[in-house]
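Visitor: model this:
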Amino acid sequence: MYIAVDDTDSREGMCTTFLATELIKEFEDLRLLDYPRLVRLNPNVPWKTRGNGAVVLSFRRGRSSKKKIGDIDGDLRYLKGKPKMKEDAFKRAKNIIERFSHLQSSKTNPGLIVTEKRTPESLYEKAVKDIVELKDVIDVLEDDVYRYKGYGNKRGLIGASAALAWRPDDFTYEVLAYRREDMWGKSRELDEEDIRSLDRRIDGSFDSYDHEENKQAIAPNSPCPVLYGVRGEYPEELQKALDIVSGEEPDRWVTFLTNQATDDHLQEVSISKAKPWNSISVQGKVCSNPKTIEGGHVLFEIEDETGQITAAAYEPTKGFREVVKKLIVGDRIELCGGVRKDPRTLNIEKMKVLELGEKTVKIRNPECPECGKRMSSMGTDAGYRCKRCRTKADEDQAIREKVDRELSEKWYEVPVSARRHLSKPLKRME
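Guide: Next comes the predicted model:
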C-alpha cells in the first residue's frame, strides 16, 4: 500500500517530509516496506512549493528486517506481509494531513493519494521536466484503485501522483533530522567545523558544505521542522552524520530515497525547442562576449543551427560568474539549466567547455605595405593610416599574438549553495 503526499508546507513553516514522519507514527501497526521516497519535481514551475518535493510511503504488515532507516519513537525497519485496507488507511492519513498541513495559507494546496498501484511512469517524466495539468492527473486518479483528496486548488495531487510514478533508475539518499516542536522557528545551532568535515568523513556524501563561499549547506533558513539534511550515495554511511554533527540534538530522523542530484529534470534539445519553465541541456557556440549587468548577473548569447538564446549566470552563483566571463565568441559549449519565460533566458546550472576558440591580443600596429613605416590608428575599430604615404589598412591587419586561455575543456558547476536539488554535482559525474 502506498501513501503519497505533496504541498503541505508554507513559507511560515511545516515540511512535507516531517508530515511523512507523522504518517509513519500513525501507521505503527504496519511497517515500512522500503525507504520513504522524497521526489523532487520541475524546479522551474512558477507555483512550486518551497522545495518542490513530494513524499511516498509504502507499507505492509509483517516481520521487521535488520535494516535501520530512521528513529521516530523507536527504530523503523523493512517489513513484509499483507497490505492494510485502503479505506481505513485513507481516513487515517487524511486526519494527519488536516492536523499538520498549513491549510490556513492560501498557497498551501495539499494532495493525498492512497493506493495499491503506482501511477504511470510517464507522469513522473512529465512532471520532473515539464508542466502537468491537474485535469490530466484527475483522469488517472479516477481509476478505482486510487483513493485521493485534494485541498485548495488541489495542485498537490500533481506532485503526489508524480512521486508515485517515479521508478528509480539513478537515485541518492538523504538523512533528514528534525527538531523538537518547541525549537521550530528558532535559530539552528550546529557546529560549523563538523559540517565542513562531513563530505570528507562520510563515504559518498556530497554538497554538505560550500567551500567556495565558506558556508554550511545542510540546514535550511526557514522556520520549518527540519534541523538538517545530509545527502549521499550510501544510507548507512549517511547515518554517521547523526554522530558527527554536534549542537542541537535531533528529535527524530529518517532516511529518504530520493531523485536528488540525478539531473532527471534535464532534456537534451536544440535551442529552438527550449520552452519556458523547462530544464534543458543544449550545445552551441558563444555568439556574444559575456557582459555584467546591474545586480552582478553575467549574460551572453549562445547559438546553434536552429536559433539563439540568452544564457545567464546570476549573482547567487558567485565565483562561477568569473568562469563564465572568460568565454569568448566562438567557444563551443554545453549548458544545463532552466528556461525562464520573460525574458527568455537560460539560467545556467553547469557548463561544459567542448572546444575553446583562439584568443589573440594586439601587440603592435601593422607596417605600411607601400613604404614600410609603422602605421597609426585612426580610432577604435576604424583601421590604420600611414602618416607618410596616407595608405590605409583594415583593423585586422594589426600584428596579433595568440594567448593562453584561462579555461579548460571540461565541466564547470555553480557552488553548492546555488545548486538545485535535482542538479547532478560533478562529484557524481566522475
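Visitor: burial of residue 325, as a residue count?
Guide: Neighbour count of residue 325, defined by other Cβ atoms under 10 Å: 16. Bear in mind the C-beta positions are built from the backbone N, C-alpha and C, glycine included.
Visitor: That one and residue 19: what is the separation?
Guide: 44 Å (Cβ to Cβ, to the nearest Å).
Visitor: if you count residues, which strand in the protein comes out on top?
Guide: For the chain, the strand that runs over the most residues, judged by DSSP state E, is strand 345-355.
Visitor: mind listing what the helix or strand following it pairs with, with the direction of each?
Guide: Once strand 345-355 ends, the next helix or strand along the chain (criterion: DSSP states H and E) is strand 360-364. The strands that strand 360-364 pairs with in its sheet are strand 399-402 (antiparallel) (by DSSP bridges).
Visitor: quick one: average pLDDT of the strand it pairs with?
Guide: Across strand 399-402, pLDDT averages out at 92.
Visitor: Now the helix or strand following it: buried residues?
Guide: Reading on from strand 399-402 to the C-terminus, the next helix or strand found by DSSP H and E is strand 411-413. Residues 412, 413 are the ones in strand 411-413 that count as buried (16 or more other Cβ atoms under 10 Å).
Visitor: which other residues reach strand 411-413?
Guide: 320, 323, 349, 350, 351, 352, 353, 419, 423, 425, 426, 429 (Cβ atoms under 8 Å, 6 or more residues apart in numbering).
Visitor: now with 7 Å?
Guide: When contacts are taken as Cβ atoms under 7 Å, 6 or more residues apart in numbering, the neighbours of strand 411-413 outside the stretch itself are 320, 323, 350, 351, 352, 425, 426, 429.
Visitor: Work out the gap between that strand and the centre of the chain.
Guide: 15 Å (Cα atoms, centre = their mean, to the nearest Å).
Visitor: Quick one: classify residue 285 as helix, strand or coil.
Guide: When the structure is reduced to helix, strand and coil (DSSP: H, G, I helix; E, B strand; the rest coil), residue 285 reads as strand.
Visitor: Mind listing the residues bridging to it?
Guide: So, taking DSSP bridges as the rule, residue 285 has residue 303, residue 332 as bridge partners.
Visitor: helices or strands up against the helix or strand harbouring residue 174?
Guide: Applying DSSP H and E as the criterion places residue 174 in strand 172-178. Here strand 172-178 is seen to pack against helix 16-26, strand 226-232, helix 235-238, strand 252-258 when contacts are counted using 3 or more Cβ pairs under 7 Å, 6 or more residues apart in numbering; DSSP states H and E.
Visitor: Single out the most deeply packed of those.
Guide: The densest packing among these, expressed as mean neighbour count by mean count of other Cβ atoms under 10 Å, is seen in strand 226-232 with a mean of 25.
Visitor: and the angle from that one to strand 172-178?
Guide: Computed with axes from the mean of the first three to the mean of the last three Cα atoms, to 10 degrees, the direction of strand 226-232 lies at 160 degrees from that of strand 172-178.
Visitor: Identify the neighbouring strands of strand 226-232 in the sheet and state each direction.
Guide: Checking strand 226-232 against DSSP bridges gives partners strand 172-178 (antiparallel), strand 205-206 (antiparallel).
Visitor: so the longest one versus helix 16-26, what angle?
Guide: An angle of 80 degrees separates the directions of strand 172-178 and helix 16-26 when computed by the same axes, to 10 degrees.
Visitor: Can you point out the buried residues in the host helix or strand of residue 243?
Guide: Taking DSSP H and E as the criterion, the element that holds residue 243 is helix 241-244. By neighbour count, with 16+ other Cβ under 10 Å as the criterion, the buried positions of helix 241-244 are residue 241.
Visitor: Identify all contacting residues around it.
Guide: With Cβ under 7 Å, 6+ apart as the criterion, helix 241-244 contacts 175, 177, 194, 197, 198, 201, 202, 230, 250, 253.
Visitor: Pull that helix out as PDB, backbone CA atoms only.
Guide: What follows is the C-alpha trace of helix 241-244 in PDB, where atoms were taken according to Å, rounded to 0.1, in the frame of the first residue of the first chain:
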ATOM      1  CA  ALA A 241      26.200  12.300  10.300                       C
ATOM      2  CA  LEU A 242      24.000  11.900  13.400                       C
ATOM      3  CA  ASP A 243      27.100  11.200  15.500                       C
ATOM      4  CA  ILE A 244      29.300  13.700  13.700                       C
END
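Visitor: What sits closest to residue 368 if chain neighbours are left out?
Guide: The spatial neighbour of residue 368 that comes closest, neighbours along the chain excluded (Cβ to Cβ, 6 or more residues apart in numbering), is residue 386 at 3.9 Å.
Visitor: Hmm, that neighbour is touching residue 372, no?
Guide: No. In this structure residue 386 lies outside contact range of residue 372 using Cβ atoms under 7 Å: 9.2 Å.
Visitor: re earlier: of the contacts of helix 241-244 - the most surrounded one?
Guide: Highest neighbour count within those, by other Cβ under 10 Å: residue 230, with 29 neighbours.
Visitor: Next one, pLDDT for residue 83 please.
Guide: Each residue has a pLDDT score; the one for residue 83 is 45.
Visitor: er, residue 87 actually
Guide: Here the pLDDT value assigned to residue 87 is 87.
Visitor: what's the neighbour count on it?
Guide: Other residues within reach of residue 87, judged by other Cβ under 10 Å, total 10.
Visitor: Now do the phi/psi pair for it.
Guide: Here the main-chain torsion angles of residue 87 (degrees, to the nearest 10) amount to phi -70, psi -40.
Visitor: swap in the one 3 residues further on?
Guide: According to degrees, to the nearest 10, the main-chain angles of residue 90 amount to phi -60, psi -50.
Visitor: Now do the contacts for it.
Guide: Listed by Cβ under 7 Å, 6+ apart, the contact set of residue 90 reads 114, 147.
Visitor: do you know how far it is from residue 60?
Guide: Look at residue 90 and residue 60: by Cβ to Cβ, they are 17 Å apart.
Visitor: again, but for residue 292
Guide: When distances are taken as Cβ to Cβ, residue 292 and residue 60 turn out to be 57 Å apart.
Visitor: neighbour count winner among the two?
Guide: The residue with the greater number of neighbours, taking residue 292 and residue 60 and applying other Cβ under 10 Å, is residue 60; the counts read 17 against 14.
Visitor: Check what pLDDT that one gets.
Guide: pLDDT, read off for residue 60, is 77.
Visitor: my guess is it meets residue 33, correct?
Guide: Yes. Counting by Cβ under 7 Å, residue 60 does reach residue 33; the two are 4.8 Å apart.
Visitor: Would you mind checking which helix or strand in the protein has the lowest mean pLDDT?
Guide: Lowest by mean pLDDT, DSSP states H and E among the helices and strands of the chain is strand 75-79, with a mean of 57.
Visitor: what's the angle between the host helix or strand of residue 335 and strand 345-355?
Guide: Under the criterion of DSSP H and E, residue 335 resides in strand 332-340. Strand 332-340 runs at 170 degrees relative to strand 345-355, counting by the same axes, to 10 degrees.
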